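quick one: sequence plus predicted model below, questions after.
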Amino acid sequence: MGKVFGIVVLMGVPLSIIGSLLHWSYVLMFIIYCITIVGLASYMGRATESLAIVAGPRIGGLLNATFGNAVELIISIFALKAGLIGVVLASLTGSVLGNLLLVAGLSFFVGGLKYKQQTFNVFDARHNSGLLIFAVVVAFVIPEVFANTLSEEKTMTLSIGISIILIALYLAALFFKLVTHRGVYQHTENEGDAHHEEEPEWSRGKALLILALATAAVAYVSENLVHTFESVGESFGWTELFIGVIIVAIVGNAAEHASAIVMAYKNKMDIAVEIAVGSTLQIAMFVAPVLVIISLFYEQSMALVFTLPELISMVTAVFLTIAISNDGETNWFEGLTLLAAYLIMGIGFYLL
């Protein structure tokens with residue numbers, strides 16, 4: 001599989017540059033850009049997996065989520081610059097749904113086919129549950145409730161205030177997990193033992209270099225990808241909402257999608273869950289607020305106000321994930337349940 005992605009990157013990056021210079025068909029370039037980003041994301045995933053082996057499951061999962069979300073953050077910044085506010089909000093929604101339902105669902109399902117029962121740190125699961133409810137149910141719903149009675153300017157002020165609070169709490173959560181309470185809630189299983197014996201694919205230096213190069217390449221391809229959205233939407237009859245929720249979210253999070261599933265197949269559920277849920281928290285508590293603040297520097301600022309279908313979908317995904325993962329155990333059927341929920345929501349967004 002690594003060779004396949006290597007060929008994709010070797011062909012995709014030059015074709016992306018040539019196609020953009022020669023003004024090839026927008027639809028063709030959209031396909032090339034998406035495939036290239038997925039190939040580059042795989043390299044980012046392999047690099048972060050190497051770093052995870054050295055650093056441990058929590059930091060490894062955080063690194064994977066961070067660099068996986070870096071792709072989407074880059075795409076979203078260029079979309080903000082182009083004034084595509086609807087696409088950005090939809091892609092944030094898609095990331096939350098994709099991580100909680102698609103990534104976690106596939107991880108639980110694939111891992112469950114190999115193992116009857118898989119376990120992960122129940123204390124982390126419960127800690128994350130509280131943060132998920134705060135980030136999505138509280139911080140995302142409140143602006144929508146007040147937006148109906150506040151002026152546009154005051155709604156933007158409220159969004160900025162909420163964004164600053166979200167970023168502060170996210171940094172506090174990292175400090176809690178990685179510093180003050182690191183090692184306090186140890187997993188009762190010994191599934192991490194094999195993790196320390198495993199050899200990383202690349203050295204720390206090589207992994208960091210590949211991460212830097214892949215991120216730079218993704219930035220270039222993403223900027224060009226954004227300019228194809230309007231033409232592709234018209235060609236296929238896709239709305240901005242569908243492109244953001246499904247297409248951008250899947251392409252932008254390809255790295256962590258693949259990594260979480262591989263980790264689950266290897267029975268490293270602590271890392272798999274940290275990638276899926278940790279990535280969701282990072283999107284909701286860091287990426288979304290940062291985009292709100294960045295949007296202030298562009299002509300059109302972005303308030304943290306989602307549409308009703310987006311909000312209801314995210315809240316439903318949060319409570320379903322909490323109900324399934326709060327016991328620290330999972331199996332293939334629970335994974336299938338999450339996937340079924342994702343498919344139902346996907347059909348809904350396609351038909352909107």
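Now that the structure is in, tell me what you want to look at. Residues are numbered from 1 along each chain as shown.

how about the strands of the stretch 101-250 of the chain, start to end?
118-119 (DSSP state E, counting those that start in this stretch).

quick one, phi psi at residue 302?
phi -110, psi 110 (degrees, to the nearest 10).

who's in contact with stretch 146-159?
Stretch 146-159 is contacted from outside by 142-143, 292, 301-305, using C-beta atoms under 8 Å, 6 or more residues apart in numbering. C-beta: built from backbone N, CA, C; applies to glycine.

buried sites along that stretch?
147, 155-156, 158-159 (16 or more other C-beta atoms under 10 Å).

could the residues you listed be laid out in TSV, adding distance to residue 215 and pLDDT?
Compiled in TSV, the buried residues of stretch 146-159 are given as follows (distance: C-beta to C-beta, whole Å; pLDDT from 0 to 100):
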residue	distance to residue 215	pLDDT
147	34	85
155	33	92
156	30	93
158	32	94
159	27	94
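
number of residues surrounding residue 333?
11 (other C-beta atoms under 10 Å).

which one of the buried residues of stretch 146-159 is nearest to residue 319?
residue 147 (22.8 Å; C-beta to C-beta).

with adjacent residues omitted, what lies nearest to residue 245?
Excluding the flanking residues, the one nearest residue 245 by C-beta to C-beta, 6 or more residues apart in numbering is residue 94, at 3.9 Å.

residues contacting that neighbour?
244-246, 248-250.

from residue 104, how far out is residue 342?
According to C-beta to C-beta, to the nearest Å, residue 342 stands 10 Å off from residue 104.

more crowded one of these two?
residue 104 (32 against 21).

shouldn't the more buried one be in contact with residue 322?
No. Contact criterion C-beta atoms under 8 Å: residue 104 and residue 322 do not qualify, at 11.2 Å.

biggest separation within the contacts of stretch 146-159, which pair?
142 and 301 (18.1 Å).

out of those two, which sits in the busier spot?
When residue 142 and residue 301 are compared for neighbours, residue 301 comes out ahead with 18 against 15, by other C-beta under 10 Å.

please report phi then psi for the more buried one.
phi -80, psi 160.

tell me the contacts of it?
156, 292, 295.

of all those residues, which comes closest to residue 40?
The closest of the contacts of residue 301, once distances to residue 40 are taken by C-beta to C-beta, is residue 295, at 25.5 Å.

the closest one: neighbouring residues, count only.
There are 23 residues near residue 295, going by other C-beta under 10 Å.
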